Each structure stands twice: as structure tokens, then as C-alpha cells.
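Novice: here's a sequence, model it:
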Amino acid sequence: MDSQKEALQRIISTLANKNDEIQNFIDTLSQTLKGVQSQLSQCNNALENSEELLEFATRSLDIKEPEEFSKAARQIKDRVTMASAFRLSLKPKVSDNMTHLMVDFSQERQMLQTLKFLPVPKAPEIDPVECLVADNSVTVAWRMPEEDNKIDHFILEHRKTNFDGLPRVKDERCWEIIDNIKGTEYTLSGLKFDSKYMNFRVRACNKAVAGEYSDPVTLETKALNFSLDNSSSHLNLRVEDTCVEWDPTGGKGQENKMKGKENKGSVHVTSLKKHTRSGTPSPKRTSIGSRPPAVRGSRDRFTGESYTVLGDTAIESGQHYWEVKAQKDCKSYSVGVAYKTLGKFDQLGKTNTSWCIHVNNWLQNTFAAKHNNKVKALDVTVPERIGVFCDFDGGQLSFYDASSKQLLYSFKTKFTQPVLPGFMVWCGGLSLNTGMQVPSAVRTLQKSENGMTGSASSLNNVTQ
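Specialist: From the prediction side, this is the model:
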């Protein structure tokens, strides 16, 4: 009895499986039938259109008029071209296998077998001792914590900042990127040092991926930055930040702008004071609302023939450098420094409160150093750009050919007050380049000079 039940159970199970198999086959046939029926419908429509076109073509053969026959022929040609019968596949969309849908993965399999996995590069280490800041260039050097012959290149990122120490997560400036560096050091040259510091970080890259950033380092990049004090220039000078041009119309276009500034009382001057931590000068802009009325910002600060404009940054200590370039057709200009107390009618070099070199290209060409109304003619060619070096603590003011660093003249004195960069221009214009470190060549020349060049006491006592 039990054996008969087991046999019957097996028969029922087999029958049920067969039933499922038949149902699946019916579903497949149903889908196939739908495809075939669709194809059959398309073929029937194509056949009807083809028969109609064939009948029309046969009738056209009996047309006698050439023009009418040509028109009918063109119609037949167009309809034959667009006939669906020529676009149909005459193979039934029925198959007992899926080979026509198989994908060949042999190439992909071969590629996967040849893949090589590279480890993520470790973070490099920047060596501050090997980094160099000089001549408005920064050389950054780094090394890998361990040898990695899979490194392909490095990426160096840098940004300017006025904050010492570790870089802030949110700084006012974005990182600038230098990619595809093959070595373990890089030099950025021709920089304008208009911030106290620069942040640097580097990452290593192999052929597959870039590694983590190195710990960032901060390097000091301080230099003298100043603009021309537009609010206190001569009325006949047109001043814009680091450019000044003589304006015979009297600068009337600036009057409204200057009145607005005066009403706000926003006259500021920058002082360079000693940095308590490093002992090097650091720019710091401070309000000077308590200055004597004689030197308050106004458009009559200089008048008469004193076509003068001063810088907005007072030098109180340290060594500093900037450059000046005159327009080619400039007839007369002076470059130097002066005390804040320089009189409104005073010309640079004609008082004991100012030192300068003067270039005259009008009537006769002269090149001379001036101080306290004394003149020393300079037997050198006027350079295209003049470099100015001021050593406040050492009491030295030197002028150089900015390109060759040839010394033009050097004053030796003792500054008893803060000095301001000073400029005079007539019939022409000057442009400034600030944010510069003292060039290495100038430092070397200063060490070897030792007072051998002309000084203020050696100036000829010639009244100008």
C-alpha cells in the first residue's frame, strides 16, 4: 500500500513539473507568436502597397503624352524608393535558441587578466630647511618617506596668506595648482610678494591614482608693498595706485573723487615696524588721524612746481627695495625718499629732508643725485628701470640699474624720521613695481661697497 502511494506521488510530481514546463513553453510561444503576427501584419501591408504600385506602373506604360509619362515615372521612382517592401526583413522572427543574442566576453576577460594593481602613493614630506625664498622666487623641496619607483609625477599647490602657522581650512584665497612635476623640488619665480606668507603642500601620483597631501608648510614672503598717495599728490598729477602721470589740465577729473575721500576722513598711511618675533620689518597700516595739519591728505599737499607724489607707506626700519620705470618721452622726473615734513613747495632733493636722483631730458640731458640743494652729476647711462634700495637702520639710500644691478649712486646718512618713497614727474609718467624682496645681487653689492661710493657729503654745492 505504502509503495503504491510513493509511486503515485512521484507520478504526480513529474506531472506537475511537466505542467510547469508546458506553461512556460506556451508563454514563450505566445511571445513568439506576437512577434510573428506583427511581422505578418507588416508584410501584408507592404504587399498591398507593392501590388497597388505595380498596378499603377502597368497603367503608366499606356500613357502617350511624354510630359505626363515623365511625371508618372518620377512618381513611380519615388514610391519605389520609399516602399516598405524594400525595408522589411523576409526572415521569420522565430528561433529555437538565443545564439543571436550572445555576447563575446573574450577580449574583456583577457584585459581583466592583464590588470596590474598599484598601491596608493604615500604622502610626501616637505623639508622647510631645503626650501628657499629669495629674489621674489620660492623653491620648495620634498622627499618621499620611503622609496617608491612607481611614482610618475607630483602635484604642488600653493596660496598666499597673511596668517602664520598651519594653513586655515577656510582661507581667503584658493589653492593654485602646478601639475606634472617630475622632480622632488620646484621653483616659482617672478612672484609679487603682496602677502606675509605662502602655504605649500604636495602630493605624489602614479599611473593610477594621486596620494594624500603632505603636511602643509608656511614660508615667509614679506616685502615692501605701497601705493601712491593719490589724496596728497600735486594737482597736476594723475595718480592711480602704482602709476603717476603729469596732467597739464590740472587733474580736474579727480576732484569729485578726492572730495568724497576727504569727506569720509579715510586718510591712512602704512608704517613698517619691527616684528616682535623675527626681528624683520612687517607692513602694518594704521590710521594717522592725529598727524599735524600741515601733512594731512589734501590736493594742495604739493603745489607750485613741486610736481610731487609720495608713497602711502612710511619706512621706519629694515631694508627695502622697489623699482621705477619712466615713460620713454618723459622730460623730467625724480625718484627717492623724503620725510613726511617735506614742504608743499619743496622739490625732491632741494631740501635736507629729501634724497633723490633726477633725470632731465628737456633742453639738455642730465642725470644727477640731489640732496639739500646740492647736485652730483652721474656719468652713467640712465637705465630703463631704476631700482631703489633703502636701508633705514644703516642710513643708506642706493640706486641701481634694475636689470644689470649696476650701482648708480649711494647716499650715506642717518635717518632721524620715518621716510616715504617720493616721486616727481613733469611731462611724462612713472610706473612702480613693489612687493619685491631686496635682490641677492644688491645685498652682495651693499656688503662690498663699505662707503666707497659717493655720499651726501660729497655732493657738489650747486644751487638748482
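Novice: who's in contact with the nearest residue to Tyr339 once chain neighbours are set aside?
Specialist: Take Tyr339 and drop its neighbours on the chain: the residue closest to it by C-beta to C-beta, 6 or more residues apart in numbering is Thr353, 4.2 Å away. Every residue, glycine included, has its C-beta placed from N, CA and C. Thr353 makes contact with 338-339, 341-343, 346, according to C-beta atoms under 8 Å, 6 or more residues apart in numbering.
Novice: using TSV, please lay out the residues you listed together with distance to Ser189 and pLDDT.
Specialist: Shown next, in TSV, are the contacts of Thr353 (distance: C-beta to C-beta, whole Å; pLDDT from 0 to 100):
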residue	distance to Ser189	pLDDT
Ala338	33	96
Tyr339	36	95
Thr341	40	91
Leu342	37	91
Gly343	42	88
Asp346	40	90
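Novice: what's the closest of these to Ile126?
Specialist: Relative to Ile126, the closest of these is Ala338; by C-beta to C-beta it sits at 43.2 Å.
Novice: who does that closest one bridge with?
Specialist: Under the criterion DSSP bridges, Ala338 forms beta bridges with Ser354, Leu420.
Novice: residue ranges in this protein under the pLDDT threshold?
Specialist: Along the chain, segments meeting pLDDT under 70 span 83-102, 167-172, 251-300, 449-464.
Novice: all the helices of it, residue numbers only.
Specialist: Here the chain has its helices, by DSSP state H, at 2-60, 66-82, 106-114, 255-264, 440-449.
Novice: closest one to Tyr321 among these?
Specialist: Closest approach to Tyr321 among these is made by helix 440-449 (6.6 Å; C-beta to C-beta).
Novice: before we move on, the earlier item: roughly how far apart are the residue nearest to Tyr339 and Tyr333?
Specialist: Distance, Thr353 to Tyr333, using C-beta to C-beta, to the nearest Å: 19 Å.
Novice: which residues touch the spatially closest residue to Ile151 that is not a sequence neighbour?
Specialist: Excluding the flanking residues, the one nearest Ile151 by C-beta to C-beta, 6+ apart is Ala204, at 5.1 Å. Neighbouring residues of Ala204 by C-beta under 8 Å, 6+ apart: 121-124, 144, 148, 151, 154, 210-211.
Novice: and the residues you listed as CSV, adding neighbour count?
Specialist: CSV is the format used below for these (neighbours: other C-beta atoms under 10 Å):
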residue, neighbour count
Pro121, 21
Lys122, 16
Ala123, 18
Pro124, 25
Met144, 17
Asp148, 15
Ile151, 18
Phe154, 25
Ala210, 16
Gly211, 21
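Novice: list the contacts for the nearest residue to Asp346 once chain neighbours are set aside?
Specialist: Closest residue to Asp346 apart from its sequence neighbours, by C-beta to C-beta, 6+ apart: Ser306 at 5.9 Å. Residues near Ser306 by C-beta under 8 Å, 6+ apart: 234, 344-347, 424.
Novice: please repeat the previous calculation with a cut-off of 10 Å.
Specialist: Residues near Ser306 by C-beta atoms under 10 Å, 6 or more residues apart in numbering: 234, 342-348, 350, 424.
Novice: still on that earlier bit, buried ones among the contacts of Thr353?
Specialist: With burial judged by 16 or more other C-beta atoms under 10 Å, the buried subset of those is 338-339, 342-343, 346.
Novice: for Glu48, state which of the contacts of Ala204 is nearest.
Specialist: For the contacts of Ala204, the nearest to Glu48 is Ala210 (66.5 Å; C-beta to C-beta).
Novice: what about the residue nearest to the closest one when sequence neighbours are not counted, distance to Leu191?
Specialist: With sequence-adjacent residues excluded and distances taken as C-beta to C-beta, 6+ apart, Ala210 is closest to Arg203, at 5.3 Å. Going from Arg203 to Leu191 by C-beta to C-beta gives 22 Å.
Novice: cool, Ser403 as well?
Specialist: Between Ser403 and Leu191 the computed distance is 18 Å (C-beta to C-beta).
Novice: more crowded one of these two?
Specialist: Leu191 (20 against 11; other C-beta atoms under 10 Å).
Novice: touching, that one and Gly435? I think so.
Specialist: Yes - between Leu191 and Gly435 there is a contact at 8.3 Å, judged by C-beta atoms under 10 Å.
Novice: overlap in contacts, these two.
Specialist: Between them, Leu191 and Gly435 share these contacting residues under C-beta under 10 Å, 6+ apart: 136, 221, 223.
Novice: so which of these comes closest to Ser30?
Specialist: Among the shared contacts of Leu191 and Gly435, Thr221 lies closest to Ser30 (C-beta to C-beta), at 79.7 Å.
Novice: what about that closest one, how many residues close to it?
Specialist: 20.
Novice: please tell me how far it sits from Gly343.
Specialist: As for Thr221, its distance to Gly343 is 37 Å (criterion: C-beta to C-beta).
Novice: repeat that for Ile11.
Specialist: Distance of Ile11 to Gly343, computed by C-beta to C-beta: 127 Å.
Novice: center of this structure, which residue is that?
Specialist: For the chain, the residue nearest the mean C-alpha position is Glu176 (6.9 Å; C-alpha atoms, centre = their mean).
Novice: leaving out the residues flanking it, which one is nearest to that residue?
Specialist: Closest residue to Glu176 apart from its sequence neighbours, by C-beta to C-beta, 6+ apart: His158 at 5.6 Å.
Novice: what of Lys182?
Specialist: Spatial nearest neighbour of Lys182, chain neighbours left out: His153 (5.7 Å); criterion: C-beta to C-beta, 6+ apart.
Novice: tell me who's in contact with that neighbour.
Specialist: His153 neighbours (C-beta under 10 Å, 6+ apart): 179-183, 204-207, 210.
Novice: could you identify which of these has the most neighbours?
Specialist: Within the contacts of His153, neighbour counts (other C-beta under 10 Å) peak at Ala204, which reaches 26 neighbours.
Novice: picking that back up, any idea which of the shared contacts of Leu191 and Gly435 is closest to Ala16?
Specialist: Each of the shared contacts of Leu191 and Gly435 was checked against Ala16 using C-beta to C-beta; the closest is Thr221, at 85.9 Å.
Novice: and the closest one, what is it in contact with?
Specialist: For Thr221, the contact set (C-beta under 10 Å, 6+ apart) comprises 133, 136, 138, 160-161, 191-198, 435, 437.
Novice: neighbours of the nearest residue to it once chain neighbours are set aside, how many?
Specialist: Spatial nearest neighbour of Thr221, excluding adjacent residues (C-beta to C-beta, 6+ apart): Phe193 at 4.5 Å. If you count neighbours by other C-beta under 10 Å, Phe193 ends up with 21.
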